[in-house]
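Novice: Give the three-dimensional model of this entry:
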Amino acid sequence: MAASMREVAALAGVSMGTISNVLNHPELVSEATRQRVHEAITQLGFVRNDAARQLRAGQSRMLAVVVLDARNPFFVDVASGAEEVAEANELLMVMISTGESEERENRQLGQLMEQRVHGILLCPTGESTPMLANLDRQGTPVVLLDRGSRTPGRSSVAVDDVHGGRIAARHLMEQGHRNLVFVGGPDTIRQVRDRRDGALSAVAESASTRMRTVATRSLSIEAGTHAAREILAMPPQERPTAAFCANDLLALGVLQEFIQHGKRVPEDLAIVGYDDIDYAAGAAVPLTSVAQPRNELGRAAAELLLDQVNNPDTHRHQQLSFTPTLVVRESTAACPVRG
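Specialist: Numbering: from 1, shown residues only. Now for the predicted structure:
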């Protein structure tokens, strides 16, 4: 049976109030008393009941990062940045994946609300998240992650994805490509739409350039391989010469499938991804990608969240936006473009 605080107090020869101070306000207790209490804790194997403490406080010490896909290295890097801030503030960070499902997202947010989490960094699956209003009413701070807020009443940290799509398409056009394809989906994810819209705005600047879309059900490598098969099934004279993919996982799937079918990258298809995950540089053909400051996104979002928690009277909501950059590698190296 687990040791109790009362047993620790008896062994250390102090009051229950002193035990509480040692655990929660050690600066109020002399060093000699703290040492005696910690020795008793070690001897008895005492573990504090953090759940009970959180219940009394009305809030846990858990920071939740809710992302679209925890398997995506982009979100792992973003969460790592948030975790650095959480650890510095003695918080436990957990990462939760919605699997790009709005139903699953609502269920998970409801569970986090029941757990009285310290705050939530949320990458939403769609434009509206019904649970947000409930979280606001309960007083659970939420910062939108990798998604800009369209209202001044909520903080957000995002990347200018329209600009990212624009620089990706312009790069392909500068390489001489005039028949492009955008690979991405589902369309309910705003980042996908913004990246496509940015590319379309660049294509619109050239009367001789066109860009079609191959929609995907997810942002995974598997979805990329299916998209590649759809591209390969097009008549050779109509097949695009360059692809801009909504993220690197899709791009890696397209790249892999083209190589397996004996095609060359970039000679048969130039490819640009998005996120610049670590795997991009190490691909069979190193992948050109639109880079986001992944770790910095997580840190900035967590810092905004904690400021909202710790300084409710002076906190001002901010909508931070980072500018992506293009990292050019061999997957778009200059090559003769098919007519």
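
Novice: Could you pull out the helices in this structure for me?
Specialist: For the chain, the helices defined by DSSP state H occupy 5-12, 16-24, 31-44, 50-57, 73-88, 102-114, 131-138, 161-174, 190-203, 221-232, 248-260, 278-281, 294-310.

Novice: Return the member of those helices having the minimum mean pLDDT.
Specialist: Lowest mean pLDDT within the helices of the chain: helix 50-57, at a mean of 49.

Novice: picking up where we left off before, return the most buried member of the helices of the chain.
Specialist: Burial of the helices of the chain is given as mean neighbour count (mean count of other Cβ atoms under 10 Å); helix 248-260 ranks first at a mean of 24. Glycine gets a C-beta too; all of them are placed from N, C-alpha and C.

Novice: which residues touch that helix?
Specialist: With contact meaning Cβ atoms under 8 Å, 6 or more residues apart in numbering, helix 248-260 is reached by 72, 74, 183-184, 216, 219-229, 231-232, 243, 245, 264-265, 268-269, 271-277, 279-280, 283-285, 287, 289, 331.

Novice: Just the angle for that helix relative to helix 221-232, thanks.
Specialist: 50 degrees (axes from the mean of the first three to the mean of the last three Cα atoms, to 10 degrees).

Novice: Tell me how far residue 147 lies from residue 228.
Specialist: For residue 147, the distance to residue 228 equals 28 Å [Cβ to Cβ, to the nearest Å].

Novice: just residue 13 next, same as before
Specialist: For residue 13, the distance to residue 228 - Cβ to Cβ - is 72 Å.

Novice: Pull the contacting residues for residue 213.
Specialist: By Cβ under 8 Å, 6+ apart, the contact list for residue 213 reads 181, 182, 183, 184, 196.

Novice: pLDDT wise, what is the third one at?
Specialist: According to the model's per-residue confidence, residue 183 sits at a pLDDT of 98.

Novice: Next, count neighbours for it.
Specialist: The number of residues packed near residue 183 is 30, by other Cβ atoms under 10 Å.

Novice: Was I right to think it contacts residue 225?
Specialist: No - counting by Cβ atoms under 8 Å, residue 225 is not a contact partner of residue 183; they are 10.8 Å apart.

Novice: Hmm, residue 92 is touching residue 82, no?
Specialist: No - applying Cβ under 8 Å, one finds residue 92 not in contact with residue 82, separated by 11.7 Å.

Novice: Identify the residue spatially nearest to residue 293, adjacent ones excluded.
Specialist: Distances taken as Cβ to Cβ, 6 or more residues apart in numbering place residue 322 nearest to residue 293, at 5.4 Å, with adjacent residues excluded.

Novice: can you pull the pLDDT of the one you found?
Specialist: Predicted confidence (pLDDT) for residue 322: 96.

Novice: please renumber so the chain begins at 22
Specialist: All set: I'll call the first residue 22, so the last point we hit is now residue 343.

Novice: Surely it and residue 317 touch.
Specialist: Yes - counting by Cβ under 8 Å, residue 317 is a contact partner of residue 343 at 7.0 Å.

Novice: Can you name the residues that contact the residue lying closest to residue 62 once chain neighbours are set aside?
Specialist: Leaving aside its sequence neighbours, residue 62 sits nearest to residue 29 (Cβ to Cβ, 6+ apart; 5.7 Å). Under the criterion of Cβ under 8 Å, 6+ apart, the contact list for residue 29 reads 40, 58, 61, 62, 65, 67.

Novice: ok, the closest residue to the fifth one other than its chain neighbours - contacts?
Specialist: Excluding the flanking residues, the one nearest residue 65 by Cβ to Cβ, 6+ apart is residue 24, at 3.8 Å. By Cβ under 8 Å, 6+ apart, the contact list for residue 24 reads 65, 66, 67.
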